[in-house]
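In: just a sequence and a predicted model for now, questions to come.
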Amino acid sequence: MPAPAQAAPRDFSLPAAPLTFAAEGKVLAEIAPAELVKMAPPVEITVVDPLYHRPKRFRALPLRPLLEKAFGAEWQPVAARDFLLRARDGFTVPISGARLFEDGAFIAFADLDVPAWEPIGQTHASPAPFYLVWTKPEQQATEDYPRPYQLARIEVASVEQVFPHVVPSGRRRTRRRRGALAPSVRGAWRATR
């Protein structure tokens, strides 16, 4: 009896655009996708995606090894800082370094369910070149675990310095100021896309 026919494996070509890593506005590295896959081997992941509202399969790179290698020997102090995740379309979302360095964060570069990426969001945009996804059940809240698509840049930066007009003025450690930078308030940035 002949073996059942197998579907031909899909070609998962890498995106052309590099992923940029920066600190305080200075580019540290622009890493081509071919180099990224050498830094962290690609894996197939399945997530219940809150933006697609169903399970999705992706070809992805674990984020932590990319961050550790991009920021070099000084990655541990960097992990204690704040980050900005910047998309190609200008969308920017802040996240704490502690959260960004958590296990379970992956940079997806291919949609395994739909060739050339299934459109996402209200604008039905392609998530390419990179889409940040989270795999752990406790990482599903989009307010705490943002999922920027069209990700182009991961930057160590203070929200206060980059966006001074969104932070209340006055004394540095006031309640209002701390509240403006609280993780739950940061999540509100997601709704603007």
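Out: The structure has been received and is ready for your questions. Bear in mind the structure is a predicted one, so any value in this text is a computation, not a measurement.
In: please list all residues in contact with the residue nearest to the spatial centre of the chain.
Out: In the chain, the centroid-proximal residue (C-alpha atoms, centre = their mean) is L132; its distance is 3.2 Å. Listed by C-beta atoms under 8 Å, 6 or more residues apart in numbering, the contact partners of L132 are 63, 85, 105-108, 146-149, 151. Where C-beta positions appear, they are placed from N, C-alpha and C, glycine not excepted.
In: is it bridged to anything, and to what?
Out: I107 (DSSP bridges).
In: measure it to H165 for me?
Out: In this view, L132 and H165 are 26 Å apart by C-beta to C-beta, to the nearest Å.
In: buried residues in stretch 149-161, which are they?
Out: The neighbour-count check on stretch 149-161 (16 or more other C-beta atoms under 10 Å) flags 149-159 as buried.
In: mean confidence (pLDDT) on that stretch, please.
Out: Mean per-residue pLDDT for stretch 149-161: 89.
In: returning to that earlier point: now, the buried residues of stretch 149-161 that are in helices?
Out: Among the buried residues of stretch 149-161, the members falling in helices are V159 (criterion: DSSP state H).
In: which of the buried residues of stretch 149-161 lies closest to T46?
Out: T46 has its nearest neighbour among those in Y149, at 17.6 Å by C-beta to C-beta.
In: check contacts around the closest one.
Out: By C-beta under 8 Å, 6+ apart, the neighbours of Y149 are 51, 87, 120-121, 125, 127, 130-132.
In: so which of the contacts of L132 wins on neighbours?
Out: Using other C-beta atoms under 10 Å as the neighbour test, the contacts of L132 are led by A108, with 27 neighbours.
In: for that one, which non-adjacent residue is spatially closest?
Out: Closest residue in space to A108, ignoring its immediate chain neighbours: F58 at 3.7 Å, by C-beta to C-beta, 6 or more residues apart in numbering.
In: could you say which helix or strand holds that neighbour?
Out: In this assignment (DSSP states H and E), F58 forms part of strand 54-62.
In: same check, this time on E44
Out: Per DSSP H and E, E44 falls inside strand 43-49.
In: can you pull out the low-pLDDT segments for this protein?
Out: Across the chain, residues meeting the criterion (pLDDT under 70) sit at 1-12, 164, 167, 169-193.
In: tell me where it has strands.
Out: Secondary structure of the chain (DSSP state E): strands located at 19-23, 26-31, 43-49, 54-62, 82-87, 92-96, 105-111, 131-134, 151-156.
In: can you say which of these is nearest to G72?
Out: If we rank the strands of the chain by C-beta to C-beta, the stretch that ends up nearest is strand 26-31, at 8.2 Å.
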